[in-house]
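Trainee: Sequence and predicted structure are below.
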Amino acid sequence: MKVLYLSKTSEIGPSSRYRIYQYIPYLNKHGIHCEVRPLFTETYFRIIEIDNPIIRTILKTFYSAYRFFIRLSHIFDVKKFNLVIIEHQIFPYLPAFPEYLVKRLNKNMVIEFDDAIYLTFLHRKKMEKNLRNVTGAIVGNKYLAEFARKFNNEVKVIPTVIDTDRYKGKESYKAERITISWVGLSYNLSYLFSLKEVFNILSEKFNISLKIISSKNLIIEGVDIIFKKWSYEDEVKDLRSADIGIMPLPNNEWTKGKCGAKLLQYMACGLPTVSSPVGVNSEIIKDGENGFLAENNEEWIKKLTLLIEDKNLREKMGEKARKTVEEKYSLEKWADELVNTYCHFNSLNKISTFWPQG
C-alpha cells in the first residue's frame, strides 16, 4: 500500500512528529510505504520566533505563500497513492477547495487531527465540510471523536503515544536541588505562567529550580529559572535530568482537545508529574498513584510539596508513571493499531457516507 501523508510540519513540529514520523519504520515493516510531505518546515518555526512583529509578519506571509504553491504541487500527485491522509487541513484559513480537489483526484482521503482546530478562526465550517467529504478520520482522543462523529461514522481514535525505546526512565531520584520541568512550544508559556504564585511560594520554602525546555524563556521574579532551548537531540536527556514534570492547563473547550503529549513524555522518562485535570490528563493519571492532579493553586502547592519533600514518593510514582506509558501509551503497543487503521480505510475505497445519529 502506498500512502501520501500531507503533514502540518516537518519532524520538528511535535504534532506531526508524534502522529506520523515516529510510525514510519513500523509502517514500512508492514508493507505500507508512507511518503510524508510537510506544509511547513523548520524555517517556519524560526520565523515565528522573530521578535520584531513587522518583520515576522512579512516573512511569514511570503513563506506561507511559497509553501502554498509547494503544497499545490503535492495535490496533483495524489492519484499515485492508495490512501491520502491530511493532517488537520491542506492549508489553514483558506476555503476547503484544496480538500475538494484532492477528493476529486483520489476518493480515498482521510483527515487526522489531535487538536480542537474546529474552534479556531474560520475553521469550524471548513472542518465540518471536510469531515463529511472524507472516507474517515483519525483523532487523538474521545473528545475530538465526539465532534468528528457528528459528520462521519468512520472515526478511529489513536492516542498520542511515546517511543519508550527512545524515552528511557530515570536511573536515580536523588537530588540536592529539586528541578521541576516544563516542556512545550513557546506560545503555550502562558499556561506555565499561570502558576507564578505557586512557584513563588515554593521557592521561598524549598531549594528548587524551574527548568523550561522551549524555544523561548520565561522570567518569573523570585524563581530560579533554568532555560534550555529545545532540540530533538537533547530533549530526552533534558527531561531525565529533571525531578518532577508539570502540565498546567486552563479548563476550556480548546484544552479538552489536547492529547497529553508532554505529560506522557515526562512519564516515559520516569518523572512523577502534577497536571491539571483537563481532557485526557484525567484519563492518563490516577490521582495519587501514577501522578497527581491539581485543580487550583492550593492543590498545586500541596502536591508539589509532597513530591519535593519525599524522594521515595518521587521514585515510586515515577516508576508507576513509566509503567503506565509502557502498558497503555507506547509506540510499540499502538503501531499495529495504526497499521490496521490504514488498511481499514484503504479497504473502504469509496466515498464516505454520513448517517445522522439518532
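Mentor: Received the coordinates, thanks. Residues are numbered from 1 along each chain as shown.
Trainee: What ranges in the stretch 251-358 of the chain fall below the confidence cut-off?
Mentor: Along the stretch 251-358 of the chain, segments meeting pLDDT under 70 span 349-358.
Trainee: what ranges do the helices span in it?
Mentor: Along the stretch 251-358 of the chain, counting by DSSP state H, counting those that start in this stretch, helices occupy 253-256, 261-268, 281-284, 297-309, 311-328, 331-348.
Trainee: Output the contacting helices and strands for the second one.
Mentor: In other words, helix 261-268. Here helix 261-268 touches strand 178-183, helix 235-240, strand 244-247, strand 273-275, helix 281-284, helix 311-328, going by 3 or more Cβ pairs under 8 Å, 6 or more residues apart in numbering; DSSP states H and E. Quick note: C-beta positions are derived from backbone N, CA and C, even for glycine.
Trainee: Now do it against helix 311-328, angle only.
Mentor: Orientation check (axes from the mean of the first three to the mean of the last three Cα atoms, to 10 degrees): helix 261-268 against helix 311-328 gives 110 degrees.
Trainee: what distance separates helix 261-268 from the middle of the whole chain?
Mentor: 10 Å (Cα atoms, centre = their mean, to the nearest Å).
Trainee: Same question for the fifth one.
Mentor: Helix 311-328 has its average C-alpha position 21 Å from the chain's average C-alpha position, going by Cα atoms, centre = their mean.
Trainee: quick one: contacts of it?
Mentor: The contact list for helix 311-328 (Cβ atoms under 8 Å, 6 or more residues apart in numbering) reads 162, 164, 167, 169-170, 173-175, 243-244, 264, 266-273, 284, 289-292, 306-307, 333.
Trainee: Mind checking which of the residues you listed are buried?
Mentor: 162, 164, 167, 169-170, 173, 175, 243-244, 264, 266-273, 284, 290-292, 306-307 (16 or more other Cβ atoms under 10 Å).
Trainee: ok, now which ones touch Ile47?
Mentor: In this structure, Ile47 makes contact with 56, 59-60, 63, judged by Cβ under 8 Å, 6+ apart.
Trainee: Kindly indicate which of these lies nearest Tyr5.
Mentor: Within the contacts of Ile47, the smallest distance to Tyr5 is 21.5 Å, found for Tyr63 (Cβ to Cβ).
Trainee: any idea of the mean pLDDT in the strand or helix carrying that closest one?
Mentor: Taking DSSP states H and E as the criterion, Tyr63 maps to helix 53-75. Helix 53-75 carries an average pLDDT of 95.
Trainee: try stretch 118-133
Mentor: Stretch 118-133 comes out at a mean pLDDT of 94.
Trainee: Identify each buried residue in that stretch, please.
Mentor: 118, 123, 126-128, 130-131, 133.
Trainee: returning to that earlier point: now do the helix holding Tyr63: which elements does it pack against?
Mentor: The contact analysis (3+ Cβ pairs under 8 Å, 6+ apart) places helix 53-75 against strand 2-9, strand 33-40, helix 42-48, helix 97-105.
Trainee: Among the ones you listed, single out whichever gets nearest to Asn82.
Mentor: strand 2-9 (5.2 Å).
Trainee: Now do that closest one and strand 33-40, the angle between them.
Mentor: Going by the same axes, to 10 degrees, strand 2-9 makes 20 degrees with strand 33-40.
Trainee: Strand 2-9: how far from the chain's middle?
Mentor: On the basis of Cα atoms, centre = their mean, strand 2-9 sits 17 Å off its chain's mean C-alpha point.
Trainee: repeat for stretch 275-294
Mentor: Worked out by Cα atoms, centre = their mean, stretch 275-294 lies 17 Å from the chain centre.
Trainee: Now do the end-to-end distance for it.
Mentor: By Cα to Cα, to the nearest Å, the extent of stretch 275-294 from end to end equals 6 Å.
Trainee: For it, buried residues please.
Mentor: 275-276, 278-281, 284-285, 290-294.
Trainee: circling back to that earlier point, cross the buried residues of stretch 118-133 against strands and list the overlap.
Mentor: Of these, none are assigned to strands by DSSP state E.
Trainee: Count residues in the vicinity of Lys60, would you?
Mentor: 14 (other Cβ atoms under 10 Å).
Trainee: Need the helices and strands packed on helix 53-75 in CSV (columns: distance to Leu218 and mean pLDDT).
Mentor: Below are the helices and strands packed on helix 53-75 laid out as CSV (distance: least, Cβ to Cβ, whole Å; pLDDT from 0 to 100):
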stretch, distance to Leu218, mean pLDDT
strand 2-9, 23, 97
strand 33-40, 24, 97
helix 42-48, 17, 93
helix 97-105, 37, 93
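Trainee: hey, which of these is tucked in deepest?
Mentor: Comparing these by mean neighbour count (mean count of other Cβ atoms under 10 Å), strand 2-9 comes out on top with a mean of 22.
Trainee: Which residues does that one contact?
Mentor: Contacts to strand 2-9, defined as Cβ under 8 Å, 6+ apart, come from residues 13, 15-16, 19-21, 27, 32-41, 44-45, 71, 74, 77-78, 80-88, 90, 342.
Trainee: quick revisit: tell me the most buried of the helices of the stretch 251-358 of the chain?
Mentor: helix 261-268 (a mean of 27).
Trainee: Now tell me what touches that helix from outside.
Mentor: When contacts are defined by Cβ under 8 Å, 6+ apart, helix 261-268 is touched by residues 14, 18, 160-162, 164, 167, 169, 181-184, 235, 239, 242, 245, 247, 273, 275, 281, 284-285, 290-291, 321-322, 324-325, 329.
Trainee: could you dump the helices of the stretch 251-358 of the chain to CSV with distance to Val223?
Mentor: As requested, the helices of the stretch 251-358 of the chain are exported to CSV (distance: least, Cβ to Cβ, whole Å):
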stretch, distance to Val223
helix 253-256, 24
helix 261-268, 19
helix 281-284, 24
helix 297-309, 13
helix 311-328, 20
helix 331-348, 35
